[in-house]
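> Here is a sequence together with a model predicted from it:
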Amino acid sequence: MNTGEGMKRIGYIRVSTVDQNSERQLDGVELDELFEDKCSGKDTNRPQLQALLKYVRKGDEVHVHDISRMARNLEDLISLVKLLNGKGVSIKFHKESLTFTGEQNAMQELLLGVLGAVYQFERSMLLERQREGIQKAKEAGKYKGRPQQVDREKIQELLAGGTSIRKTAAQLGVSVSTVQRVKVQV
């Protein structure tokens, strides 16, 4: 825990999946602490972001590779910057070369809003293209969805043989509700 013995340089890194490489983010930036999330930035419910928010103290500097690593929507971005600044913590976005200290600076506030809106728009467009692609693949018969995780035939076979719902679930390592769903769909 930060005990207040002077300013600390704290890094925050976020990648969307565990497979992604985070090494390029904040490469070469000297840090006292580093918080790293491997999850979506769609909201602020991220374990390491929440830990960072609890850790920081007045006078600290938070370093982030770019705005999209901190938040994927404008509302969350502005809220996080205001929260950090309200604690007396500055935040620096390296890619955009922007630092927010909480002092009034109309140009920085404009840039934060514009860049945050651009990242939010970019995310919306990506999701829209993804939905369109899935729809076209479905129409062409090439998209089947996520592979089936449950052996429905085996569930039906056990139930037809007189095995109870609970015993079927236990035997196949699935939940009781899964067995009930398969039973209802028959």
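Good, I have the coordinates.

> Quick check: closest non-adjacent residue to the residue nearest to the spatial centre of the chain.
Nearest to the geometric centre of the chain sits residue 40, at 1.9 Å (C-alpha atoms, centre = their mean). Leaving out its chain neighbours, the residue that sits closest to residue 40 by C-beta to C-beta, 6 or more residues apart in numbering is residue 16, at 5.6 Å. C-betas here are computed from N, CA, C, even on glycine.

> The one you found touches residue 41, doesn't it?
Yes: between residue 16 and residue 41 there is a contact at 7.2 Å, judged by C-beta atoms under 8 Å.

> Looking at the two now, which is surrounded by more residues?
Regarding residue 16 and residue 41, a neighbour count based on other C-beta atoms under 10 Å identifies residue 41 as having more, with 21 against 14.

> quick one: that one from residue 80, how far?
Computed as C-beta to C-beta, to the nearest Å, the residue 41 to residue 80 distance reads 11 Å.

> intersection of neighbour lists for the two?
A shared contact of residue 41 and residue 80, defined by C-beta atoms under 8 Å, 6 or more residues apart in numbering, is any residue touching both; here these are 70-71.

> so what's residue 117 closest to, chain neighbours aside?
Distance criterion C-beta to C-beta, 6+ apart; nearest residue to residue 117, sequence neighbours excluded, is residue 74 at 5.2 Å.

> got the contact list for stretch 86-99?
Residues from elsewhere that reach stretch 86-99 (C-beta under 8 Å, 6+ apart): 26, 29, 56-67, 70, 80-81, 84-85, 100-102, 108, 111-112, 115.

> in the helix or strand harbouring residue 117, what's buried?
With elements taken from DSSP states H and E, the one containing residue 117 is helix 106-139. Neighbour-count burial for helix 106-139, with 16 or more other C-beta atoms under 10 Å as criterion, is recorded at 111-112, 115-116, 119-120, 123.

> Okay then, goodbye and thanks.
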